[in-house]
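Student: Turn this into a structure:
(one chain, ligands or ions: 2)
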Amino acid sequence: MDEIKVDVAIIGAGTAGLGAYRNAKKHRERVVMIEGGPYGTTCARVGCMPSKLLIAAAEAAHQLEKAPAFGVHFDGAPRIEGREVMARVKRERDRFVGFVVESVENIPAEDRLRGYARFIDNHRLQVDGKVVHARTVVIATGSSPAVPGMFRDLGDRLLVNDAIFEWDDLPKSVAVFGPGVIGLELGQALHRLGVRVRIFGRGGNVGPLTDPAVLEKCATTLSEEFYLDPDAVIGALSREEDHVVITYKHRDGDQRTESFDYVIAATGRTPNVRNLGLENTDLPLDERGVPVHDPYTMQVGDSHVFIAGDATNERPLLHEAADEGRIAGENAGRYPDIRAGVRRSSLGIVFSDPQIAMVGCSYKMLTEGCFAVGEVSFDDQGRSRVMLRNKGLLRVYAEHGTGLFKGAEMFGPAAEHIGHLLAWAHQRKMTIAEMLAMPFYHPVIEEGVRTALRDVNNKLHLGPVPVPRCLDCGPGA
Ligand SMILES: Cc1cc2nc3c(=O)[nH]c(=O)nc-3n(C[C@H](O)[C@H](O)[C@H](O)COP(=O)(O)OP(=O)(O)OC[C@H]3O[C@@H](n4cnc5c(N)ncnc54)[C@H](O)[C@@H]3O)c2cc1C
Ligand SMILES: NC(=O)c1ccc[n+]([C@@H]2O[C@H](COP(=O)([O-])OP(=O)(O)OC[C@H]3O[C@@H](n4cnc5c(N)ncnc54)[C@H](O)[C@@H]3O)[C@@H](O)[C@H]2O)c1
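Tutor: Ligands and ions are numbered 1, 2, ... in the order given. Have a look, this model is predicted:
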C-alpha cells in the first residue's frame, strides 16, 4: 500500500477543514486535506445558503400576503411557481458552491487527497488504497442528520435537508418532525410557499430556546400561522404507495389522520466521528464517542490530534466552525508549541419569521437567584407596529451586584440585527448601565431593547422604575 508522509493531515474539506488547511500551511510545508464527499462545504451545498434562499422566496410571498393590511392591493391572487422557486434556489446555491469549489481547486493538487479517512493507529490514516502517516491530524468531519428509527420504513418518502434543495418543484404537503432550527426555518418557508405543512415536536422544544417565556411566545405566535405541536402525540405512521399516512392527536384534542407527500426529519444532527476508526487510537472519547478536547486550543487530550467544526458536537454553527478550524490548523502546525485561540461570545440566529436570537448565556445556563431578567414585548413596540412586525418577546439577563449583561433570548422582529448588538455588548463585557448610555435612534426596533435594559436595570436595583410609554423617548418607543 502507498504510504504518504505528511506534517499535518486534515480530515474534511468543509468550512473548518479549509480554515485548518490555510492556517496549518503557515507553519508546515507538507499539509494534506482529505475529503471523502463532494467539495463545496455543507454550508454552501445543503446548509446555510440554500436554506436562506428558500426562506427569501417565502418572504417574498409573505410580503404580498401582508400588503392588503397596509391598504396596498393588487388584482388577482399571487401565484407561486414551485419550479421557478426551486430553479432560483439551485441556481444561486450552485453559484455559492462554485466559489468554494474554485478556491479548493486552487489548493495545490499534491495537498489534496480524495477518499474517506480512517485511523489505523495514532499517526496513520487509511484513505482508499493509501496510508497517510501524519505528524499531527485535524478532525474536521462535520455532522450528519440523526434520523430516528420510527422513519425506517418510509423509503424515498423520508427526506433530510440535503434532498430538499434538489427538488425540481415544491411538493403539495410535508410533515416535518423536529421544530428545532432546521425544522422551523424550512417548515415555515414551505408553508409560506403554499405547501401544506405540519410540524411535530417532542418534549416541548422549539428552536434553540430555553427561556420558558420566550419559548411560549414563539410557539404560540408560530402556531397561529401554521400547525405546530412542540409535544406531538403520534399514533401511527406508515407508507402507503407514494404517501406517508400519519395519525396524530391534533392540538384541538381530536385524533386526525392525514396523508403527506414527504416526511422531513429535522430531528437533530450527530457528529461524524463514528466511522473514523477512533477505537484504533488511544484518544480520549466522551460518552457519544466524540474526542475530548480543549475548546480554546482544540487539542484532543494532550495528543497530536485536533478537532474543529460540527465534529466537536459543541456549537454547530458556521462562524464557530471557521474559528475552530483556524485554531486547530494553527496548533496542528505549531505542535507541540500550541496556543489558546480567541473564542467569541456565543451568538445563534434562527431565520424564522419572527426570527430567534440567542446571545451569551442562555436562560438554562444561568444559575437561579444570581441574575435578574428584564423584558420587552414587541406586540406594541412603535417601529415594529408601524411595519406590522409587532410580534415577539426579548428577555435580557444581568448579574446582581455587578450589573453585567450576561445574555439574552429573543423571538421578534430583526432579531438577526438585535442579536449582533447584544453579542457585541456581551463580548465587550458591558454593564447594563453602559449599554443604556449608548445612542438609541427614534423610531427603531432597538428602542425595544432599551426598554428591556431599563427593566432589568430596575430589577437589579440600579435604575428607576421605567416610565411606561415614555414620551421623552418618542411615541411608541
Ligand atoms: C440546513 C442547514 C442550515 C444551516 N444554516 C446555518 C446558518 O444559517 N448559520 C449557521 O451559522 N450555520 C448553519 N448551519 C450549520 C453549518 O452549516 C455548519 O455548522 C457548518 O457548515 C459546519 O462546518 P464543518 O466544516 O464542521 O462541516 P462540513 O462543512 O460538513 O465539512 C465536513 C466535511 O468532512 C467530510 N468528511 C466526513 N467524514 C470524512 C472522512 N472520514 N474522511 C474524509 N472526509 C470526511 C464531509 O464529506 C464534509 O465535506 C446549517 C446547517 C444545516 C444542515
Ligand atoms: N440558522 C442557523 O444558524 C441554523 C440553521 C439550521 C441548522 N443549524 C444548525 O444545525 C443544527 C441541527 O439542527 P436541527 O434542527 O436538526 O437540530 P435541533 O437540535 O435544533 O432540533 C432538533 C429538534 O428535533 C426534536 N426531535 C428530536 N427527535 C424527535 C422526534 N422523534 N420527533 C419529533 N421531534 C423530535 C427535538 O426536540 C428538537 O426540537 C442546529 O443545532 C444548528 O446549530 C443552524
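Student: Apart from its chain neighbours, what residue comes closest to the residue most central in space within the chain?
Tutor: Nearest to the mean C-alpha position of the chain, by C-alpha atoms, centre = their mean, lies residue 317 at 5.4 Å. The spatial neighbour of residue 317 that comes closest, neighbours along the chain excluded (C-beta to C-beta, 6 or more residues apart in numbering), is residue 348 at 6.4 Å. Any C-beta I mention is one placed from the backbone N, CA and C, and that applies to glycine too.
Student: Look at that neighbour and tell me its secondary structure.
Tutor: Secondary structure for residue 348, judged by DSSP: H, G, I helix; E, B strand; the rest coil, is strand.
Student: before we move on, the earlier item: tell me the spacing between the residue nearest to the centre of the chain and residue 200.
Tutor: 25 Å (C-beta to C-beta, to the nearest Å).
Student: Kindly report the same for residue 311.
Tutor: Taking C-beta to C-beta as the measure, residue 311 falls 29 Å from residue 200.
Student: can you pull the contacts of residue 316?
Tutor: Residue 316 sits next to 143, 269, 309-310 when contact means C-beta atoms under 8 Å, 6 or more residues apart in numbering.
Student: Please, which helix or strand holds it?
Tutor: Using DSSP states H and E, residue 316 is not contained in any helix or strand.
Student: Can you report phi and psi for whatever residue of the stretch 1-150 of the chain ends up closest to ligand 2?
Tutor: Proximity of the stretch 1-150 of the chain to ligand 2 (C-beta to the nearest ligand atom) peaks at residue 148, 4.4 Å away. Backbone torsions for residue 148, taken as degrees, to the nearest 10, come to phi -60, psi 150.
Student: what's the answer for residue 141, then?
Tutor: Torsion angles, degrees, to the nearest 10, at residue 141: phi -90, psi 0.
Student: from memory it sits against residue 11, does it?
Tutor: Yes - proximity of residue 141 to residue 11 meets the contact threshold set by C-beta atoms under 8 Å, at 5.6 Å.
Student: Residues that sit against both of those two, list them.
Tutor: Contacts common to residue 141 and residue 11, judged by C-beta under 8 Å, 6+ apart, are residue 276.
Student: The two - which one has more neighbours?
Tutor: residue 11 (31 against 28; other C-beta atoms under 10 Å).
Student: So for the more buried one, what's the pLDDT?
Tutor: Here, the pLDDT recorded for residue 11 equals 98.
Student: In space, what's closest to it - neighbours in sequence excluded?
Tutor: residue 117 (4.6 Å).
Student: what does residue 455 give?
Tutor: residue 374 (3.5 Å).
Student: I'd guess the one you found is in a helix, am I close?
Tutor: No - according to three-state DSSP, residue 374 belongs to no helix; its state is strand.
Student: Settle this for me: it is touching residue 403, isn't it.
Tutor: No - using C-beta under 8 Å, residue 374 makes no contact with residue 403, being 11.4 Å away.
Student: Mutual contacts of the two, please.
Tutor: 432, 457.
Student: The two: who's more crowded?
Tutor: Legend: neighbour count by other C-beta under 10 Å for residue 374 and residue 403, higher for residue 374 (24 against 20).
Student: Enumerate every residue touching the more buried one.
Tutor: 395-396, 398, 432, 452-459.
Student: so where's the stretch 1-150 of the chain shaky on pLDDT?
Tutor: Applying pLDDT under 70 to the stretch 1-150 of the chain flags residues 1.
Student: all helices of it, in order?
Tutor: 15-25, 42-46, 48-66, 82-105 (DSSP state H, counting those that start in this stretch).
Student: Need the ones you listed in TSV (columns: distance to residue 258 and mean neighbour count).
Tutor: Conversion of these to TSV gives the following (distance: least, C-beta to C-beta, whole Å; neighbours: other C-beta atoms under 10 Å):
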stretch	distance to residue 258	mean neighbour count
helix 15-25	38	27
helix 42-46	27	23
helix 48-66	22	18
helix 82-105	20	16
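Student: Would you format the ones you listed as a markdown table with distance to residue 379 included?
Tutor: Below are these laid out as a markdown table (distance: least, C-beta to C-beta, whole Å):
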| stretch | distance to residue 379 |
| --- | --- |
| helix 15-25 | 38 |
| helix 42-46 | 34 |
| helix 48-66 | 17 |
| helix 82-105 | 31 |
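Student: Check whether the residue lying closest to residue 240 once chain neighbours are set aside sits in a helix, strand or coil.
Tutor: When the adjacent residues along the chain are set aside, residue 240 lies closest to residue 259, with 7.4 Å between them (C-beta to C-beta, 6+ apart). Three-state assignment for residue 259 (three-state DSSP): strand.
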